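Visitor: take this sequence and fold it.
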Amino acid sequence: MSIYHPGLSRSKQPIQELAPASLLSQLVSRLHGANLIGLAGGVVALLCLLLLHEPWNMLAPLYLAIVIWCIISPRATLYLLPLAIPWGYLDPIMPNPPPLSTADLLVGLLIAGWLLGFVLRPFVSRRDYLAGPLDREEAHVPTYLILAMCALLLMMIISTVSALSLMLSVKEIVKWGEVLIILLLAGQYIRTRRQIWLLVVIICLAALSQAFFGYAQYFFNLGPASFIRAASLRVYGSFDQPNPYAGYIDMTLTITLSLTLLSRNVMVRVLAGLATLLLGYAFYLSQSNGGQLALAAAVFFIVTVGMPRLRPIMWSGVILLLALFGAYLLNKLPAFLLKPLLKLLELVGFVPISFASPSAQDFSVAERLAHWYAGIHMFQDHPFTGVGIGNYPEAYPNYYITIFTNPLGHAHNFYINMAAETGIFGLIAFLLFLTAIFVASASAYRALNQRYVELKKQRAHPHAGTTSLQARTSYVRLQTLSIDRALAIGLIASLISVCVHNTVDDLYVHSMTILFALLPVMLMRLERITRNSDNSGGRLDFR
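Guide: Numbering: from 1, shown residues only. So this is what the prediction gives:
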């Protein structure tokens, strides 16, 4: 047996004969936690492939890997949520109809990963705090936003005293409780500009996948006859209805449109423009009047805020529309302008429509108005607690009029729906929540836009003695800030599109409340990350 000499280097040590006990000790020394987890995962995956039947032999290892990944790295749940929102209800693991969606389960994994951070914190060194579940920081969510969300949840809970179905109420409370969780936790794991933009890219890819799904439905005529309008099929994606599909596409379309119009980076404008064309055509195929109204409001906001030089033209257009409406009321409107205005007035219920025997062209508008009236009557009968959150369809049989006996799940106006289900205090709480969302978003945008304007002025009037390196750095920062500013405007426009579309529909379905909550979180984190970048020597990102 060779003898170890301390004077010799490790590479020059003679080869040592290893006893079985020495082999066993070296094997044990290599059984680290990560290796053990990998070995156990491989064994479980092999057993699933051998013992389970299709499709579970492939799905079970995949879901197990996702669960472990999301718990160990909670940020992964934020990247998977935009994909789960449109596609989660098609998941074969969920029963039909699902009490919970895949997006709901991902929010649960986000909570599990967050709680795991508190368990692990006493056992890791301070230098390992930025790893795994501990890779987070304070979210810095405004207190008034959290209080408004809590007040809304409280009003929903109080409304359950009038609920005919407690299960429907619990489902709605859980859905809006997830909004509070996203507001509190999502911002903790979005730490860099790169992570925000990766989330934006995933949101766009998820919407594009739905756009191509809509193309397939249109070209192969895959849909019920009730979705045919003017001899063409209204596409509906995986949302089962054209209107929520249009609302979902619109949420991403406004972001890509803002990046196309306002970004100063050529590559970003080209990619965003291509995505805008693809999403825009899918949005057109949905033939959603409410979606068109929401998109018009979002475009007005993007142009008015993002292009200050065009503001006089935009406001002139608003004045013109008001003048046309006044001329219509005075019966002074020319005939060639009357038809498009009548279509808009039918949409909002200003034109008389028969409820007993509506025409094929007026049926959808009459059905929407009938549900408005039913919701208003529910509110009149239950002004303080409503009929119970989520219980509009349960109470509808006592309030329907004429031939419209199908409750459709909501009042086709979320604000009326909220008043009917939670009463006046629930409606006030919801409006306060929306106000808090827009106040926080506007505050973040103003701070970001101020830095953009200041840097733009510095570029236009550089100080004496500015070096070429400083000028180049300033140019790169200005381009980056222009992209961030365009994204911020697009995020607010997306929020506006949802709020406007909800005047004629309900977009808080299919887990879209989670996406709605992610948008202001991304905007607030973007502003804070940009501020920290400016305060760290001009770096474009930070960790």
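Visitor: only C-alpha atoms from now on, for both contacts and neighbour counts.
Guide: Will do.
Visitor: elements contacting the helix or strand harbouring residue 201?
Guide: Element membership for residue 201 (DSSP states H and E) is helix 193-219. If contacts are counted by 3 or more CA pairs under 8 Å, 6 or more residues apart in numbering; DSSP states H and E, helix 193-219 sits against helix 75-87, helix 242-262, helix 266-286, helix 512-534.
Visitor: next up, the contacts around the spatially closest residue to residue 506 that is not a sequence neighbour.
Guide: Of all residues not flanking residue 506 in the chain, residue 414 sits nearest, at 5.2 Å (CA to CA, 6 or more residues apart in numbering). Listed by CA atoms under 8 Å, 6 or more residues apart in numbering, the contact set of residue 414 reads 502-506.
Visitor: picking up where we left off before, check which element follows the helix holding residue 201 along the chain.
Guide: Scanning forward in sequence from helix 193-219 by DSSP H and E, the next helix or strand is strand 228-229.
Visitor: tell me the strands beside the helix or strand following that following strand, with direction?
Guide: Later in the chain than strand 228-229, the nearest helix or strand by DSSP H and E is strand 232-233. Strand pairing for strand 232-233, using DSSP bridges, gives strand 228-229 (antiparallel).
Visitor: how far off centre is stretch 505-524?
Guide: Averaged C-alpha coordinates place stretch 505-524 at 4 Å from its chain's average position (CA atoms, centre = their mean, to the nearest Å).
Visitor: can you pull the buried residues of it?
Guide: With burial defined by 16 or more other CA atoms under 10 Å, the residues of stretch 505-524 counted as buried are 505-508, 510-524.
Visitor: same question, stretch 169-180
Guide: 169-170, 172-173, 175-180.
Visitor: just give me the closest of these to residue 399.
Guide: residue 169 (19.4 Å; CA to CA).
Visitor: which residues does that closest one contact?
Guide: 160, 163, 388-391.
Visitor: what is the orientation angle of the longest helix that the chain contains with helix 512-534?
Guide: Longest helix in the chain, counting residues (DSSP state H): helix 414-460. Relative orientation of helix 414-460 and helix 512-534, computed by axes from the mean of the first three to the mean of the last three CA atoms, to 10 degrees: 20 degrees.
Visitor: relative to helix 242-262, how tilted is the helix or strand following helix 414-460?
Guide: Downstream of helix 414-460, the first helix or strand assigned by DSSP H and E is helix 468-501. Interaxial angle, helix 468-501 versus helix 242-262 (the same axes, to 10 degrees): 160 degrees.
Visitor: in helix 468-501, what's buried?
Guide: By 16+ other CA under 10 Å, the buried positions in helix 468-501 come out as 474, 477-501.
Visitor: ok, residue 166 - contacts?
Guide: Going by CA under 8 Å, 6+ apart, residue 166 touches residue 160.
Visitor: any regions of the stretch 251-400 of the chain where pLDDT drops low?
Guide: Judged by pLDDT under 70, the stretch 251-400 of the chain has its weakly predicted residues at 325, 328-329, 333-355, 359-361.
Visitor: now the helices for it?
Guide: Along the stretch 251-400 of the chain, the stretches classed as helices by DSSP state H, counting those that start in this stretch are 266-286, 289-306, 311-329, 335-347, 363-381, 392-395.
Visitor: pretty sure residue 396 sits against residue 408.
Guide: No - using CA atoms under 8 Å, residue 396 makes no contact with residue 408, being 9.4 Å away.
Visitor: what's around residue 252, how many residues?
Guide: The tally of other residues near residue 252 (other CA atoms under 10 Å) stands at 25.
Visitor: distance of it from residue 206?
Guide: Residue 252 is 9 Å from residue 206, where distance means CA to CA, to the nearest Å.
Visitor: do residue 416 as well
Guide: Applying CA to CA to residue 416 and residue 206 gives a distance of 30 Å.
Visitor: okay, the two: which has more neighbours?
Guide: Neighbour count, other CA under 10 Å: between residue 416 and residue 206, residue 416 has more, with 25 against 21.
Visitor: do I have it right that that one meets residue 375?
Guide: Yes - contact criterion CA under 8 Å: residue 416 and residue 375 qualify, at 5.9 Å.
Visitor: the one helix or strand residue 109 maps to to helix 512-534, inter-axis angle?
Guide: Element membership for residue 109 (DSSP H and E) is helix 102-120. With the same axes, to 10 degrees defining the directions, helix 102-120 sits at 50 degrees from helix 512-534.
Visitor: continuing past helix 102-120, what's the next helix or strand?
Guide: helix 143-159.
Visitor: and the following helix or strand past that following helix, how far out from the chain's middle?
Guide: Following helix 143-159 in sequence order, the next helix or strand is helix 166-181 (DSSP H and E). Mean-position distance between helix 166-181 and its chain equals 17 Å (CA atoms, centre = their mean).
Visitor: low-confidence stretches in the protein?
Guide: Residues of the chain that meet the criterion pLDDT under 70 lie in 1-45, 48-58, 91-99, 122-132, 325, 328-329, 333-355, 359-361, 463-466, 533-543.
Visitor: kindly report the domain assignment for it.
Guide: Split into domains by automatic domain parsing, the chain comes to 33-133, 137-333+411-419+434-534.
Visitor: pick the most buried one from the ones you listed.
Guide: domain 137-333+411-419+434-534 (a mean of 19; mean count of other CA atoms under 10 Å).
Visitor: related to what we said a few turns ago, who's more crowded, residue 396 and residue 408?
Guide: Between residue 396 and residue 408, counted using other CA under 10 Å, residue 396 has the larger neighbour count: 22 against 14.
Visitor: residue contacts, that one?
Guide: 374, 407.
Visitor: go again using 6 Å as the cut-off
Guide: residue 407 (CA atoms under 6 Å, 6 or more residues apart in numbering).
Visitor: repeat for residue 318
Guide: Neighbour list for residue 318: empty [criterion: CA under 6 Å, 6+ apart].
Visitor: how close does it get to residue 300?
Guide: 10 Å.
Visitor: intersection of neighbour lists for those two?
Guide: With CA under 6 Å, 6+ apart, residue 318 and residue 300 have no common neighbours.
Visitor: show residues contacting the helix holding residue 109.
Guide: Against helix 102-120 from outside (CA under 6 Å, 6+ apart): 71, 74, 77, 81, 84-85, 88, 133-134.
Visitor: okay if I get these as CSV plus distance to residue 114?
Guide: Formatted as CSV, the contacts of helix 102-120 follow (distance: CA to CA, whole Å):
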residue, distance to residue 114
71, 8
74, 7
77, 11
81, 16
84, 20
85, 21
88, 22
133, 6
134, 8
